[in-house]
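# What follows is a predicted protein model with its sequence.
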Amino acid sequence: MNNKPVIVSGIQPTGNLHLGNYLGAVKNWVDLQNSGKYRMYIFIADLHSLAGNMPAEQRRKQIIETTAELLAAGIDPKKTTLFVQSQVKEHTELGWIFNCVTPIAELERMTQYKDKSQQQEKNINAGLFTYPVLQAADILLYRGNVVPVGQDQVQHVELTRDIARWFNNRYGVFFQETKHLLTDVPKVMSLLEPDKKMSKSLGAGHVIELADTPEVIEQKLKKAVTATSGGEQAPGVKNLLLLLQKFGNQKIYQGFIKAEKDGSIRYGDLKLATGKAIGEYFSDFRKRRAKLLSNPNQLKKILTAGAKKAGLVAKKTMKDARKKVGIS
C-alpha cells in the first residue's frame, strides 16, 4: 500500500503558460514530483474554465497546448497522474453533493469571486460563485492530503477543510482534513502595470509566455514600465530584478542590485539582461514543446491514460460517498 501523502492541483487551459504560472505553480509541482515524497495528481481544469469567456474551439486547442507545456516544463506522467478534469465525471458529481452541504454565506466570503466578477462583468455566472466547491471536490475526490499554494490561495484550502467537516457532520466521518503546503511563491507582476499580478486577462503585452521567442521577450521588455525618476522600490524595477534573480546569472543580478543602490543603474541594460536570461532559461522548454505539439495523438494518449488511472481512485471515492449520502 502506498502511504505517501497525496498532492492534488490543477491549472486552467486559458492560455499559454507565463512566468507567473511557472514560478507560482508549475516549477514547484516539478520539484515536489521529483522529490519522490508524494503521490501527485495534476489536472487540466477545463470545467473551471467554462465559467470564463473562452470559445469552445479555443478551449479544445488550449487543452492540448497546456498539456504539452506542462510536459515540456518537467511534469512526468510516469511520476505524476496528469489528466483532464472533465474526463473524470466524478468531479462534477462530488461537486454537486458538496454544493448541498455548503452554506451560501461561506461562498460570499471568498475574495476571488469579486475579483473574477470584475474581470468579466458581462458574464457573472453561478460557476464563478460556486467554483471553490468544485475545487474542494477536485481535491477530496483523490483524498488529497496536501495542496501546494501561495498565501492568496490559503482561503480555498480552508474552505475545502470546512466542506469536508460539513459533509462528515451530516453523513458520518469520511473525508480527512486537507492541509495547505505554503510555498514560497514569488509575486510576478505585469510588465505594463507592475502594481498588478501578471495575468493573461490583462492582455498579451502584460505577460511573458514560456514559449515566447527571445525576440518577442526583448520587444515586450522594451515596453516594460521601470521607474520614471529612479527609486529603489519602484515596482517595475523590483519586478525585473526578481525575474533576473530567478532566471539569470547571480553575479549579473548582484551587479544590478549594487547599481540600483548607488543610483548608477541603466534600465535599458537591465531589460536586455533580463530578456537574455529568460530566453536562454526556456530554450530547452521551447524545443520540447514544439516536439510534443508535433504529435497531438501522443498527448491525447497520455491524457487518456492519466484519466483512467485517476478514474480508478475517483470511482472508489464516489462509490463510498454515494452510500454515505443515501443515493446508492
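Looks like it came in fine.
# How many residues are close by residue 164?
21 (other Cβ atoms under 10 Å). Backbone N, C-alpha and C define where each C-beta goes, glycine included.
# With residue 256 instead?
The burial count for residue 256: 23, using other Cβ under 10 Å.
# need the contact list for it.
Going by Cβ atoms under 8 Å, 6 or more residues apart in numbering, residue 256 touches 241, 244, 265, 269, 270, 273.
# I'd like the next helix or strand past the strand or helix carrying residue 280.
Secondary structure assignment for residue 280, by DSSP states H and E: helix 267-281. Note on helix 267-281: by DSSP H and E, the next helix or strand toward the C-terminus is helix 283-293.
# Pull the distance from that following helix to the chain's centre.
20 Å (Cα atoms, centre = their mean, to the nearest Å).
# Kindly provide the whole-number mean pLDDT of it.
Across helix 283-293, the average pLDDT comes to 98.
# what does stretch 196-207 give?
For stretch 196-207, the mean per-residue pLDDT is 89.
# any idea whether residue 211 is helix, strand or coil?
Classification of residue 211 using DSSP: H, G, I helix; E, B strand; the rest coil returns coil.
# mind listing what it touches?
Contact partners of residue 211, counting by Cβ under 8 Å, 6+ apart, are 16, 17, 69, 282, 285, 286, 289.
# How about the contacts made by residue 12?
Contacts for residue 12 were tallied using Cβ under 8 Å, 6+ apart; they are 44, 45, 46, 48, 49, 52.
# Residue 249 too?
residue 277.
# State the distance from it to residue 22.
19 Å (Cβ to Cβ, to the nearest Å).
# can you check residue 96 too?
Distance of residue 96 to residue 22, given as Cβ to Cβ: 33 Å.
# so how far is stretch 74-94 from its chain's centroid?
With Cα atoms, centre = their mean, you get 14 Å for stretch 74-94.
# Residue 124: which element?
Per DSSP H and E, residue 124 falls between elements, in no helix or strand.
# What is the burial count for it?
Residues near residue 124, counting by other Cβ under 10 Å: 15.
# Domain map for this structure?
6-187+295-325, 200-285 (automatic domain parsing).
# Can you measure across the first one, start residue to end residue?
Using Cα to Cα, to the nearest Å, the end-to-end distance of domain 6-187+295-325 comes out at 24 Å.
# How far does that domain sit from its chain's centre?
Distance of domain 6-187+295-325 from its chain centroid, counting by Cα atoms, centre = their mean, is 9 Å.
# again with the last one
Taking Cα atoms, centre = their mean, one finds the center of domain 200-285 at 22 Å from the center of the full chain.
# Am I right that residue 225 is in a strand?
No - the assignment for residue 225, made by three-state DSSP, is coil rather than a strand.
# What strand or helix carries the nearest residue in space to it that is not next to it in sequence?
Leaving aside its sequence neighbours, residue 225 sits nearest to residue 236 (Cβ to Cβ, 6 or more residues apart in numbering; 4.0 Å). Assessed by DSSP H and E, residue 236 sits inside helix 235-247.
# which element follows that helix toward the C-terminus?
With DSSP H and E, the next secondary element past helix 235-247 is helix 250-262.
# how big is the angle separating that following helix from helix 235-247?
Orientation of helix 250-262 against helix 235-247 (axes from the mean of the first three to the mean of the last three Cα atoms, to 10 degrees) gives an angle of 160 degrees.
# what ranges do the strands span in the protein?
6-11, 39-44, 80-84, 146-149, 179-182 (DSSP state E).
# packing partners for the first one?
The reference is to strand 6-11. On a contact count with 3 or more Cβ pairs under 8 Å, 6 or more residues apart in numbering; DSSP states H and E, strand 6-11 meets strand 39-44, helix 126-140, strand 146-149.
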